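Any chance you can model this:
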Amino acid sequence: MRIIKGFIIAFSLYSRIPMPRFEWKEEDMRYNLCFLPFVGALIGALVYGSLYLIDLAALPLFLKICASSVIPIIVTGGFHVDGFMDVADAHNSYKSKEEKLKILKDPHIGAFAVISLLIYSLIWAGALTVIFDRGSNVIFIPLAFVFVISRIGTAVSSVLLKKAKDDGMLKNETNKTGITQLVILGIELAGCVLAVGLSDIYVALLMAAGLLLFYIYYRYRTYKEFGGVTGDTAGYFVCMSELTQLLILAAYCLIR
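Okay, here's the model as predicted:
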């Protein structure tokens, strides 16, 4: 029952998919981060299916870019984008750690959040254009797994890294997590790398390396700027690790 509750909580928190309602207890959240990648799997499946249908109907490349960009936001409600924008505002404030943490909690957005999202969106669209223009349909498989791998990465970082605050949603989510959850997430990551590797082993290794390098950068940046990780930085991790992997796929399509 606890496993089922963890699944429901994960989809309730990180997606707009309707889920049964019940009173959450702290122990019910023990495994919810293990199911966060399942939200990514749903996004990946929908993106893959939409790309297949667009190709089948011989529709313009622009529709592929739209589908790959809009589906993640529809499924999640832009949950992680909100964290990305908050981190952008805090980072560009050049204030103390304490002030930056206050900015993360501010429900309003600033100019730097909008500018950062615009830049992010243009880079995202550019990377997808290269992928769809230069890559074959086989590239649809690793593209679908981008949404899973990024969520495994943010779940692992949320468990392993120091929290910036002694309260908040992320702290509550990780209170009961430990080695068992990390092993499960590790198995999920290995499964993703294996699945991508069946289509192209080099892509799989590059995506795994990209995730590791971004994790190292993320740890350095969050510790330096915020004194640890928060729910908002976790959203930032999802967005930026997805973009990192898209750029890796785009570069691979250019040089292969």
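
which residues in the stretch 51-200 of the chain form helices?
For the stretch 51-200 of the chain, applying DSSP state H, counting those that start in this stretch gives helices covering 61-76, 79-91, 97-105, 111-134, 140-160, 169-174, 179-199.

Now do the buried residues in the helix or strand R221 falls within.
Assigned by DSSP states H and E, R221 falls within helix 201-226. Buried positions in helix 201-226, judged by neighbour count with 16 or more other CB atoms under 10 Å: 203-204, 206-208, 210-211, 214-215, 218-219, 222, 225-226. Every C-beta, even on glycine, is put in place using the N, C-alpha and C of the backbone.

What of stretch 32-48?
Neighbour counts over stretch 32-48 (16+ other CB under 10 Å) mark 32-44, 46-48 as buried.

hmm, which two among those are most spread apart?
N32 and Y48 (24.9 Å; CB to CB).

pLDDT weak spots in the stretch 101-250 of the chain?
Counting by pLDDT under 70, the ranges of the stretch 101-250 of the chain that qualify are 168-169, 171-176.

Columns distance to T244 and mean neighbour count on top of the helices of the stretch 51-200 of the chain, output as CSV?
As requested, those are exported to CSV (distance: least, CB to CB, whole Å; neighbours: other CB atoms under 10 Å):
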stretch, distance to T244, mean neighbour count
helix 61-76, 15, 18
helix 79-91, 13, 23
helix 97-105, 22, 16
helix 111-134, 10, 16
helix 140-160, 9, 24
helix 169-174, 21, 18
helix 179-199, 15, 16
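
got CSV for those, with distance to R21 too?
Formatted as CSV, the helices of the stretch 51-200 of the chain follow (distance: least, CB to CB, whole Å):
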stretch, distance to R21
helix 61-76, 19
helix 79-91, 18
helix 97-105, 26
helix 111-134, 32
helix 140-160, 23
helix 169-174, 18
helix 179-199, 24
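
Kind regards, and thank you for your time.
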